[in-house]
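*Asks:* Make a model of this:
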Amino acid sequence: PFSDEPRRFEAAVVDPSGALAATTDNLGRVMLFDLETNQPVRMWKGMRNCSCHFAELPCDSDSTAPTRLYLVIHLKQRGTVEVYRLRQGRRVAAISASSQDDCAIVECRGPS
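*Replies:* Below you'll find the predicted structure:
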């Protein structure tokens, strides 16, 4: 198990495959965990008052995989939604949301 004395996890969301979890904590960090190894694989700092979601989106025609999984972070205080590739990927989008009351992330899942 992951232990860090001053840190308190506030929320967690598991990806659709059950392999990864994104957590938020009281220190303003988002952490991505590999649930098979129970190890953190990535951390984003400065992410206070946020919520995390996973999005599975179609890949471009050059890719061998039909879809790719992204982490979507809704930063309510900043009024932005940021989209990241998982594990080592860079931020692929930053979308302005005028205020925290005007934006909600709605998760939709199709048949498995």
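
*Asks:* so the most centrally placed residue in the chain bridges to which residues?
*Replies:* Taking C-alpha atoms, centre = their mean as the criterion, residue 71 is the residue nearest the geometric centre of the chain, at 3.4 Å. Note on residue 71: beta-bridge partners residue 54, residue 84, judged by DSSP bridges.

*Asks:* Name the spans of this structure whose pLDDT lies under the cut-off.
*Replies:* 1-3, 98-112 (pLDDT under 70).

*Asks:* now residue 9: how far from residue 45?
*Replies:* Between residue 9 and residue 45 the distance is 15 Å, computed by C-beta to C-beta, to the nearest Å. C-beta: built from backbone N, CA, C; applies to glycine.

*Asks:* Neighbour count for these two, which is higher?
*Replies:* residue 9 (14 against 10; other C-beta atoms under 10 Å).

*Asks:* who touches that one in this structure?
*Replies:* 23, 24, 25 (C-beta atoms under 8 Å, 6 or more residues apart in numbering).

*Asks:* Could you check which helix or strand contains the second one?
*Replies:* It stands for residue 24. In this structure, residue 24 sits in strand 20-25 according to DSSP states H and E.

*Asks:* List the contacts of that strand.
*Replies:* 7-15, 30-35, 41, 47, 50-52, 54, 69, 71, 86.

*Asks:* pretty sure residue 84 is touching residue 69, no?
*Replies:* No - the pair residue 84 / residue 69 is not scored as a contact, 10.4 Å apart, by C-beta atoms under 8 Å.

*Asks:* Appreciated, that's everything.
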